[in-house]
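Engineer: Got a sequence here, can you build the structure:
(one chain, ligands or ions: 1)
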Amino acid sequence: MPAVTVDDVTVLEKIPAPGPESRPRRVRTLTTAPSGFEGEGFPVHRAFAGVPLGALDPFVHMDQMGEVDYGPGEPKGTAWHPHRGFETVTYIIDGVFEHNDSAGGGGVITNGDTQWMTAGAGILHIERPPEALVQSGGLFHGIQLWVNLPSARKWVDPRYQDIGRDHVMLLSSPDGGALVRVIAGDVAGHPGPGVTHTPITMLHATLAPGARLELPWDPGSNALVYGLAGRGRVGGDMVSLDAGQLAVLGPGDTVVAESLTTQESRAPNLDLLILGGRPIGEPVAHYGPFVMNTREELAQAFEDFQKGRMGTIPAAHMKG
Ligand code: MN
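Structural biologist: Reported below is the predicted structural model:
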């Protein structure tokens, strides 16, 4: 799992151990992500399937893309499609993904890079492996997360951020057993690079076998822990968590996780995606690529898309 890593975690800033009065969050629900296909047919795990939106708020949807080892000619992406009312966050752990949008945003992301697209009032985009990767095949593994926008911000102008892996904040547990990559938000006063409309924390942690991670966590935010690879235990009640499982944690002020001392050889560490955000607390009307507050706004979104009011495919990308 390339992502961003370091040869010597002991040189990193350390996350202070929580005090004795800390209240570790316990596991409220544990779900296993079903498999599916997205876009033109790339394999995903629907990380949030079966979890009520109220427990996810301000998050709406998350796909673990892959992990898949493509043969030549097999890599797939999406066609051009619209979004309105939220932000898409694409984090690539292994492989390469290319993005272009109708607002002029675009870029190529690879091992440990993130693309943060605020759809806001409306945008069209396409996400796909570059042609060279389609020809060669290869490993592909990433995350796409949908972060909701409050009603007052659903109509903001689209925005595109490329967050290179060199800008990710790297921290370690006190004994160096866990590496934490802060992509957005803040851990123990160390901010990540993502600029978010909705206050959230997004991090990718790698725990060596037998390592323990204790993170201070905003009591006003929710806490979601998703297993990317490996085997471990999470929460104050140390519930078993495998790859492809999501733990929704209850109230408290720390998030704790441990890696089992014995791991399978193909996934030697425990890799976790850990998310938190302040709930928006508004009604959510979600259908297809749109996340609004009411059914009327969803109908409006479909009409606006059909009439070309969410932008048009840039001429440079039109196939002749
Ligand atoms: Mn999309």
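
Engineer: for the one helix or strand Gln144 maps to, packing partners?
Structural biologist: Assigned by DSSP states H and E, Gln144 belongs to strand 138-148. In terms of contacts (3 or more Cβ pairs under 8 Å, 6 or more residues apart in numbering; DSSP states H and E), strand 138-148 is packed against strand 59-70, strand 86-94, strand 270-277. C-beta coordinates here come from the backbone N, C-alpha and C atoms, glycine included.

Engineer: Can you list the strands that that strand pairs with?
Structural biologist: Applying DSSP bridges to the sheet, strand 138-148 is found paired with strand 59-70 (antiparallel), strand 86-94 (antiparallel).

Engineer: Redo these as JSON lines? Include distance to Ala152.
Structural biologist: Formatted as JSON lines, these follow (distance: least, Cβ to Cβ, whole Å):
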{"stretch": "strand 59-70", "distance to Ala152": "17"}
{"stretch": "strand 86-94", "distance to Ala152": "13"}
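
Engineer: and of the ones you listed, who's closest to Gly230?
Structural biologist: Between Gly230 and the strands paired with strand 138-148, the tightest spacing by Cβ to Cβ is seen for strand 59-70, at 12.1 Å.

Engineer: List the contacts of that closest one.
Structural biologist: 33, 36, 38, 42-48, 53, 86, 93-95, 137-148, 200, 224, 226, 228-229, 244, 275, 277, 284, 286, 291 (Cβ atoms under 8 Å, 6 or more residues apart in numbering).

Engineer: Only whichever of those residues are buried, select them in PyMOL.
Structural biologist: Buried members of these, defined by 16 or more other Cβ atoms under 10 Å, are picked up in PyMOL with:
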select buried, resi 33+38+42+43+44+45+46+47+48+86+93+94+95+137+138+139+140+141+142+143+144+145+146+147+148+200+224+226+228+229+244+275+277+284+286+291
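
Engineer: Same list, the strands paired with strand 138-148, but as TSV with mean pLDDT please.
Structural biologist: Converted to TSV, the strands paired with strand 138-148 look like this (pLDDT from 0 to 100):
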stretch	mean pLDDT
strand 59-70	95
strand 86-94	95
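
Engineer: For the chain, which residue occupies the most central location?
Structural biologist: Leu145 (4.1 Å; Cα atoms, centre = their mean).

Engineer: I'd like to know how far it sits from Ala229.
Structural biologist: 17 Å (Cβ to Cβ, to the nearest Å).

Engineer: and if you look at Thr312?
Structural biologist: Thr312 is 40 Å from Ala229, by Cβ to Cβ.

Engineer: Thanks a lot, see you next time.
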